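1. kindly return the folded structure for what I paste below:
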Amino acid sequence: MAAENGPTAGEYIIHHLGHLQNKKPESVLDFSVFNIDSQFWATLLGIVGCFFSLEGSPQGHGRCAGSVSGGG
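-> Here you go, the predicted model:
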């Protein structure tokens, strides 16, 4: 079976997260390693999310800012 020859969980993680890093990880859980590609995509999607949040509001302030107003 293919499962008998497959990599362990740690080998799989290190292999697939081994792209665009500031250094090679010493273990599966190494907080000193920065995954540059993951940071890029997280930042890009955050900016896109903020853009759509501001676009959808009538005054351009986002959904949360309009719900804080004092009524009236």
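
2. low pLDDT regions in the chain?
-> Counting by pLDDT under 70, the low-confidence segments of the chain come to 1-3, 55-72.

3. show me where it has helices.
-> Using DSSP state H, the helices found in the chain span residues 2-5, 9-16, 36-55, 63-67.

4. dump the longest one to PDB, restricted to CA.
-> Extracted in PDB, the C-alpha atoms of helix 36-55 (Å, rounded to 0.1, in the frame of the first residue of the first chain):
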ATOM      1  CA  ILE A  36       7.500  34.700   3.800                       C
ATOM      2  CA  ASP A  37       5.000  33.400   1.300                       C
ATOM      3  CA  SER A  38       2.400  32.900   4.100                       C
ATOM      4  CA  GLN A  39       2.900  36.400   5.400                       C
ATOM      5  CA  PHE A  40       2.600  37.900   1.900                       C
ATOM      6  CA  TRP A  41      -0.800  36.100   1.300                       C
ATOM      7  CA  ALA A  42      -2.100  37.000   4.800                       C
ATOM      8  CA  THR A  43      -1.300  40.600   4.300                       C
ATOM      9  CA  LEU A  44      -2.700  40.700   0.800                       C
ATOM     10  CA  LEU A  45      -6.000  39.100   1.900                       C
ATOM     11  CA  GLY A  46      -6.200  41.400   4.900                       C
ATOM     12  CA  ILE A  47      -5.900  44.500   2.600                       C
ATOM     13  CA  VAL A  48      -8.500  43.100   0.200                       C
ATOM     14  CA  GLY A  49     -10.800  42.300   3.100                       C
ATOM     15  CA  CYS A  50     -10.500  45.900   4.400                       C
ATOM     16  CA  PHE A  51     -11.100  47.300   0.900                       C
ATOM     17  CA  PHE A  52     -14.300  45.300   0.600                       C
ATOM     18  CA  SER A  53     -15.400  46.200   4.100                       C
ATOM     19  CA  LEU A  54     -15.000  49.900   3.400                       C
ATOM     20  CA  GLU A  55     -16.500  49.700  -0.100                       C
END
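
5. would you mark the buried spots in it?
-> Residues of helix 36-55 classed as buried under the neighbour-count rule (16 or more other Cβ atoms under 10 Å) do not occur. Heads up, the C-betas are built off the backbone N, CA and C, glycines and all.

6. which of the helices of the chain sits closest to K23?
-> helix 36-55 (11.1 Å; Cβ to Cβ).
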